[in-house]
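Enquirer: Model the structure of this input:
(2 chains)
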Amino acid sequence: MMQEVVKSNAVILPHPDAEELNPFRGVDFSKLERSLLRPRTFLSLLLSGIITTMTLFAMIPLFSVLGLLLWRGGRKLSIAALTQLPPAPLEQDGGFGNAILGTLVIVGLAALISVPIGLLSAIFLAQSKSDNRLASSVRFAGKVLTGFPSILAGVFAYGVVVTATGGYSAIAGAVALSILMLPTILLTAEDAIRMVPSGMKKAAIGMGATDTQVVWMVLLPTAVPGILTGVMLAIARGAGETAPLLFTSLFSNYWLIWHGHVKLMQPTASFAVLIYNFAGMPFANQVELAWAAALVLVLMVLTANLIGQSLSRKQVGSGQRAV
Amino acid sequence: MRGFAWLTLAIGLFIVLKIVIAALPAIQQYGFGFLTGQVWDPHKNIYSILPEIWGTLYSSVFALILGTAFGLAAAIFLAEGFVADVVFALLRTAKLQFHPVWGKLPRQVDDLFLILIELLAAIPSVVYGLWGLFVVIPLVRPACNWLHAELGWIPLFGTDLSGPGMLPAVIVLSIMILPTITAIARGALVAVPSKLRMAAYGLGATRWETILAVTAPSASRGIFGGVVLAFGRALGETMALAMLLGNQNVISISLFSPANTLAALLANAFPEAGPKDVARLMYAATVLLAITLVVNGAGAFIIQSTSVDKEGEKP
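Expert: Okay, the predicted model is just below:
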């Protein structure tokens, strides 16, 4: 075989311009091989190594926080800690039962305010045409509010609710949180509704459905997973916020429900404020309780987040997303 | 529906107006000097917030530098599928790369990293504050004090770290803004048409020549928008800074000195504020509002205008 190949070459080569016609003339083939010693490839490998290290480095805090929470918070966590009232200074034991209840009530109230407004605005945004001035300004306002400092939401609620009603209350805290939850609900719900395949909408219109029927019987039911994603993410954010609650719902060492009366207009305990207050105290028992409360809070927030994210994968049309 | 859209817009405007109007008495009383003086002393009845403005900007800028470096690295890492490639290579050596179950692994590992970065954003800031108090401060303190002792002539290391201070706060703050940068920058990188990347590979560019010369420049506006939004978050962040910064009205270039921020001032002073204090604090809130609105508005505008461009590019 070899012999034949050489022979056949020998037939072609004698062409006088063979050297001129060779497209690889003057190319040093050894340079085309991938070699780690060449600066280009070495630099590429080096940079890959650097960003891998940096990414892994960026994950350390997550594991450090979670590990420490499990270690320091897990020790203190017990049924008593979940159900009892906060201890006085130097007192042993105690818990944060009222803070759990308070957080649930405040976040629940905030969701009651922000979900209807956010959802109905989102329906309008999703239905509007791209050149609608109102829609684009609402969207812009929503995006700016996403980055709105949480403390300013508290300042606003202080100015509107606390000064008007004359005292700190769960309602004031809920108003502050609802402002922070609104943009998440609004923008996620709009995305979810927009992702409903237009074929479904057209089919409904073709069957003679009115606009209202299209919205309530086709668009919303189909977009439910995506909408719930936004609501869960918003609730997770609201539950973790501290700054706006510091001076709207303040804190309380007592139960929100007393002798069967729900006291929404009283200062109310919340998780986040409890952690902040107890973390700065010089008493070991309080610091331990702060860690245990942080563990419960993080578990709640992460669960809400993971539920939200798994729901978002169930959203119809989420595979079509470009980003 | 239209009514609720108006309501959302009205709420946004009402928040801004309410804070500014509540601040008007203090603005009239203290005027511009409120922004330039350095003393906040209730006993002498002198109020001004320059140290807080300085602390807000200084901590945010430093956190932004750190957070951008690590956040961009993570964004490139996730967008270019480095982990997925490694997992795929491992699977190929085991000849499992098209296996119905194992074959999905590269994609799943990529998703896992994405979720981990997103969880970083989900941890409440007060928990970061707690972590910073009990982990970061003890961890960096010996190194900081050694730097101060050996290199104290450099202004950055001009004081020692006696507990709370700028550096631990900046570290924690940069971790908090990192997910914002990573999420937005990754989105921008993934949105770059794959034809561009393929063309660069076809010309013989290495992976990093492609990233640095083609992918990153094409996504630069999206990345920049993400960085600006992260800056806005850093400016408004309250709890972690209130817990880690020491809350002292000091203007110092040193990384180890305690400081204060506008948000921390509001968080600390509001709970026990009387009616006259409220107006002053509202003035401080207005300043913070103005800074963050400008920064966030710019970020939202940049990102919104990029997405319009991207739509125009589609064939």
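Enquirer: From here on, just use CA atoms for contacts and neighbour counts.
Expert: Fine.
Enquirer: where exactly do the strands run in chain A?
Expert: Under the criterion DSSP state E, chain A carries strands at the ranges A:257-258, A:261-262.
Enquirer: wait, what's in contact with B:Ala122?
Expert: By Cα atoms under 8 Å, 6 or more residues apart in numbering or on different chains, the contact set of B:Ala122 is A:236-237, A:301-302, A:305.
Enquirer: And for A:Leu289, the neighbour number?
Expert: A:Leu289: 27 surrounding residues under other Cα atoms under 10 Å in any protein chain shown.
Enquirer: sorry, that was for A:Gly159
Expert: The local packing of A:Gly159 (other Cα under 10 Å) involves 21 other residues.
Enquirer: For the stretch 201-315 of chain B, what lies in contact range of chain A?
Expert: With Cα under 8 Å from any Cα of the partner chain as the criterion, the stretch 201-315 of chain B meets chain A at residues B:206-209, B:229, B:232-233, B:235-239, B:263, B:266-267, B:270-271, B:282, B:285, B:289, B:292-293, B:296-297, B:300-301.
Enquirer: rerun at 7 Å
Expert: Residues of the stretch 201-315 of chain B lying close to chain A by Cα under 7 Å from any Cα of the partner chain are B:206-208, B:232-233, B:236-239, B:263, B:267, B:270-271, B:285, B:296-297, B:300.
Enquirer: So, low pLDDT: which residues of the chain?
Expert: In the absence of a named chain, chain A is used. Counting by pLDDT under 70, chain A has low-confidence residues at A:1-16, A:18, A:258-261, A:316-323.
Enquirer: ah, I was thinking of chain B
Expert: The model of chain B has pLDDT under 70 over residues B:306-315.
Enquirer: Which ones among the contacts of B:Ala122 also lie next to chain B?
Expert: Filtering the contacts of B:Ala122 for proximity to chain B by Cα under 7 Å from any Cα leaves A:301-302.
Enquirer: Count the neighbours of A:Thr146 for me.
Expert: By other Cα under 10 Å, the residues close to A:Thr146 number 21.
Enquirer: Ok, B:Lys95 next?
Expert: Residues near B:Lys95, counting by other Cα under 10 Å, number 12.
Enquirer: for A:Asp93, same thing?
Expert: Neighbourhood size, A:Asp93 [other Cα under 10 Å]: 17.
Enquirer: can you check the one 3 residues further on too?
Expert: For A:Phe96, the neighbour count with other Cα under 10 Å is 28.
Enquirer: okay but it is in contact with A:Pro86, surely?
Expert: Yes. The pair A:Phe96 and A:Pro86 qualifies as a contact (Cα atoms under 7 Å) at a distance of 5.4 Å.
Enquirer: Kindly provide the distance from the residue nearest the centre of chain A to chain B.
Expert: Among the residues of chain A, the one closest to the centroid is A:Leu233, at 5.2 Å (Cα atoms, centre = their mean). The gap separating A:Leu233 from chain B is 9 Å, by Cα to the nearest Cα, to the nearest Å.
Enquirer: go on, A:Ala284?
Expert: 13 Å.
Enquirer: Ok, A:Leu69 next?
Expert: Separation of A:Leu69 from chain B (Cα to the nearest Cα) stands at 9 Å.
Enquirer: so who does that residue touch?
Expert: By Cα atoms under 7 Å, 6 or more residues apart in numbering or on different chains, A:Leu69 lies in contact with A:291, A:295.
Enquirer: right, is stretch A:52-64 up against chain B?
Expert: Yes. For stretch A:52-64, a contact with chain B is found by Cα under 7 Å from any Cα, at A:52, A:54-55, A:58, A:62.
Enquirer: Buried ones among the residues you listed?
Expert: Neighbour-count burial (16 or more other Cα atoms under 10 Å in any protein chain shown) applied to the residues of stretch A:52-64 next to chain B gives A:52, A:54-55, A:58, A:62.
Enquirer: Show me which of these is closest to B:Phe98.
Expert: Ranked by distance to B:Phe98 (Cα to Cα), these are led by A:Thr52 at 25.7 Å.
Enquirer: Sort out for me which of the contacts of B:Ala122 are in helices.
Expert: Among the contacts of B:Ala122, DSSP state H puts A:236-237, A:301-302, A:305 in helices.
Enquirer: Which two of those residues have the greatest separation?
Expert: Once Cα to Cα is applied, the ones in helices among the contacts of B:Ala122 give A:Arg237 and A:Leu302 as the farthest pair, at 10.0 Å.
Enquirer: out of the two, which sits in the busier spot?
Expert: The residue with more neighbours, out of A:Arg237 and A:Leu302, is A:Arg237; 23 against 20, by other Cα under 10 Å.
Enquirer: how close does the more buried one get to A:Ile179?
Expert: A:Arg237 is 11 Å from A:Ile179, where distance means Cα to Cα, to the nearest Å.
Enquirer: do the same with B:His43
Expert: When distance is defined by Cα to Cα, B:His43 is 36 Å away from A:Ile179.
Enquirer: contacting residues around A:Leu177?
Expert: A:110, A:238.
Enquirer: cool, and the one 5 residues further on?
Expert: With contacts taken as Cα under 7 Å, 6+ apart, A:Leu182 has the following neighbours: A:114, A:118.
Enquirer: One more: B:Ala279?
Expert: B:Ala279 touches B:22-23, B:25-26, counting by Cα under 7 Å, 6+ apart.
Enquirer: out of those, what pair is the most spread apart?
Expert: Pairwise over these, using Cα to Cα, the maximum falls at B:Ala22 and B:Ala26, 8.4 Å.
Enquirer: does the host helix or strand of B:Ile171 come close to chain A?
Expert: Using DSSP states H and E, B:Ile171 maps to helix B:166-190. Yes. Against chain A, helix B:166-190 shows contacts by Cα under 7 Å from any Cα at B:187, B:190.
Enquirer: just checking, what packs against the following helix or strand past that helix?
Expert: Toward the C-terminus, helix B:166-190 is succeeded by helix B:194-202 as the next helix or strand (DSSP H and E). For helix B:194-202, the elements it packs on are helix B:207-210, judged by 3 or more Cα pairs under 7 Å, 6 or more residues apart in numbering or on different chains; DSSP states H and E.
Enquirer: Check what contacts the helix it packs on and list those residues.
Expert: With Cα under 7 Å, 6+ apart as the test, helix B:207-210 has contacts from A:44, B:197, B:200-201.
Enquirer: and the residues of stretch A:52-64 next to chain B, which of them are in helices?
Expert: Those of the residues of stretch A:52-64 next to chain B lying in helices (DSSP H): A:52, A:54-55, A:58, A:62.
Enquirer: between these, which is nearest chain B?
Expert: Comparing those against chain B with Cα to the nearest Cα picks out A:Thr55 as the nearest, at 4.7 Å.
Enquirer: neighbours around the nearest residue to the closest one once chain neighbours are set aside, how many?
Expert: Leaving aside its chain neighbours, A:Thr55 sits nearest to B:Ala74 (4.7 Å; criterion: Cα to Cα, 6 or more residues apart in numbering or on different chains). Neighbour count of B:Ala74, defined by other Cα under 10 Å: 31.
Enquirer: need the contact list for B:Ala74.
Expert: Contacts of B:Ala74 (Cα under 7 Å, 6+ apart): A:51, A:55, B:182.
Enquirer: All good on my end, thank you.
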